[in-house]
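> sequence-free structure coming up:
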């Protein structure tokens, strides 16, 4: 049998890869990640991942051209005032006075093309959501999405548009044509180094006593003063009157490695099994990988507990439809390596991490190793056995509450 058929199955739908030249060009202007989108897409292309298989084998990927989001789609979450300000690139002094109100300064400066950036990135993520909701594919990828710090009325943390929130709102709508009475459940899993503050806050229901359609779960670093500062970034307390079992966090200490993620992964699996999502959005931020300028985690791309291992389990073993989004990641060559590898994993044709970078126009960007792998460094993992036991004990209580809410919802 052809290897392509063996790897993704005889009847598997192709993975939808959201791409257009306009999207890559405008995403490459993002001040925090200049030219990252160009390098990611160029490496995916250099490995030939988006080519169709020959002969009898099925197509592995379907390249889907996104359309820009319209004003009405953006207003599904953002305020009118924020959009009007952010998308009006006036240099008028009176206009500039409002920059701080809308977060458009410091880490989120105005930049040329911000109007197109907001509509293109939101439209790309919404396109990825539409292809899985409309059964075009069971998996979609949009590496230019994943802007998890953008708030309803403010830019924040290098994020100008709340594409994650917009996608969740889109996916949670009842699909009247297929299951008119069923309300889809959406799980948002965030693997970025930083807490998904804006997404978690958008769906947080303090003190709620009923089941929710949306569950957010963020695995991140938390420490005093570490961005973003939010009470929701801490380990949840079931005895807190504001506790919401559908807004969850797994805070990790510095040096978190593949062994750390391997140890905590049963918690993630348990939450997923109880919630039973129809759709899973995974924010695949890369700033926790070794070699990132953030220098906080020591996560690797390959091996048990690695980022690649986690994504393989989610994509190929979890029930439900999945969308993979980008996020942080400030070592641009490593971001290209990682998202190229995750693309191959999602397509069922994982590249060898020992693979040489193909010789193409951007080849020299990948020195000194000129290979695909992002290995762990020598940072000490400060997540101790005692801390793991605390996480496990806490989540025993959390999952008990979550289970009771889900059971009540079905009665």
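Arrived safely. Every value quoted in this text rests on a predicted model; they were computed, and no experiment measured them.

> if you skip the residues just before and after it, what's nearest to residue 260?
residue 383 (4.8 Å; C-beta to C-beta, 6 or more residues apart in numbering). For the C-beta atoms, the positions are set from N, CA and C on the backbone; glycine is no exception.

> The one you found belongs to a strand, doesn't it?
No: using DSSP: H, G, I helix; E, B strand; the rest coil, the secondary structure at residue 383 is coil, not a strand.

> what separates it from residue 253, distance-wise?
Residue 383 sits 5 Å away from residue 253, going by C-beta to C-beta, to the nearest Å.

> With neighbour numbers in mind, choose between those two.
Neighbours per residue, other C-beta atoms under 10 Å: of residue 383 and residue 253, the larger number sits with residue 383, 20 against 16.

> just checking, the more buried one touches residue 252?
Yes: Residue 383 is in contact with residue 252 according to C-beta atoms under 8 Å; the separation is 5.8 Å.

> Tell me who's in contact with the residue nearest to residue 260.
Neighbour list for residue 383: 252-253, 255-256, 260, 263 [criterion: C-beta atoms under 8 Å, 6 or more residues apart in numbering].

> repeat that with 7 Å
By C-beta atoms under 7 Å, 6 or more residues apart in numbering, the contact set of residue 383 is 252-253, 256, 260.

> How about residue 84?
By C-beta under 7 Å, 6+ apart, no residues touch residue 84.

> at 10 Å what do you get?
71, 98, 102 (C-beta atoms under 10 Å, 6 or more residues apart in numbering).

> Equivalent analysis for residue 396, please.
By C-beta under 10 Å, 6+ apart, the contact list for residue 396 reads 238, 267, 270.

> for it, helix, strand, or coil?
helix.

> so what pLDDT did it get?
We have a pLDDT of 98 for residue 396.

> what about the stretch 301-411 of the chain, any weak spots by pLDDT?
Along the stretch 301-411 of the chain, segments meeting pLDDT under 70 span 411.

> quick one, helices of it?
307-317, 332-346, 385-410 (DSSP state H, counting those that start in this stretch).

> Then the stretch 151-300 of the chain?
All helices of the stretch 151-300 of the chain, identified by DSSP H, counting those that start in this stretch, fall at 163-171, 197-202, 258-275.

> any common contacting residues for residue 383 and residue 253?
In contact with both residue 383 and residue 253: 260, 297, using C-beta under 10 Å, 6+ apart.

> Residue ranges in the stretch 51-200 of the chain under the pLDDT threshold?
Scanning the stretch 51-200 of the chain for pLDDT under 70 picks out the ranges 52-57, 90-96, 175-181.

> Can you point out the buried residues in stretch 71-87?
Residues 73-74, 77-78, 82-83, 85-87 are the ones in stretch 71-87 that count as buried (16 or more other C-beta atoms under 10 Å).

> now swap in stretch 299-307 and tell me
299-303, 305-307.

> So which of those is the closest to residue 325?
Nearest to residue 325, judged by C-beta to C-beta, of these is residue 307 at 13.7 Å.

> which residues touch the closest one?
191, 258, 261, 284-286, 288-289, 299-301, 338, 341-342, 345, 374 are the contacts of residue 307 under C-beta under 10 Å, 6+ apart.

> Just confirm residue 63 is within a helix.
No: counting by three-state DSSP, one finds residue 63 to be strand, located in no helix.

> Can we start the residue count at 892 from this point?
In the new numbering, first residue 892, that becomes residue 954.

> beta partners of it?
Beta bridges link residue 954 to residue 908, judged by DSSP bridges.

> one step back: which one of the helices of the stretch 1192-1302 of the chain has the most crowded surroundings?
Among the helices of the stretch 1192-1302 of the chain, helix 1223-1237 has the highest mean neighbour count (mean count of other C-beta atoms under 10 Å), at a mean of 24.

> how far is that helix from where the chain is centred?
Mean-position distance between helix 1223-1237 and its chain equals 13 Å (C-alpha atoms, centre = their mean, to the nearest Å).

> Just list what it packs against, helices and strands only.
strand 906-909, helix 927-937, strand 952-955, strand 1030-1033, helix 1198-1208, strand 1212-1216 (3 or more C-beta pairs under 10 Å, 6 or more residues apart in numbering; DSSP states H and E).

> Among the contacts of residue 1274, which ones are in strands?
Cross-referencing those against strands under DSSP state E gives residue 1143.

> and the two most separated of the contacts of residue 1274?
Spatial extent of the contacts of residue 1274 (C-beta to C-beta) is set by the pair 1144 and 1151 at 8.6 Å.

> Common neighbours of those two, please.
Counting by C-beta under 10 Å, 6+ apart, the residues touching both residue 1144 and residue 1151 are 1188, 1272-1274, 1278.

> In this structure, which residue is most central in space?
Nearest residue to the geometric centre of the chain (C-alpha atoms, centre = their mean): residue 1174, 1.1 Å.
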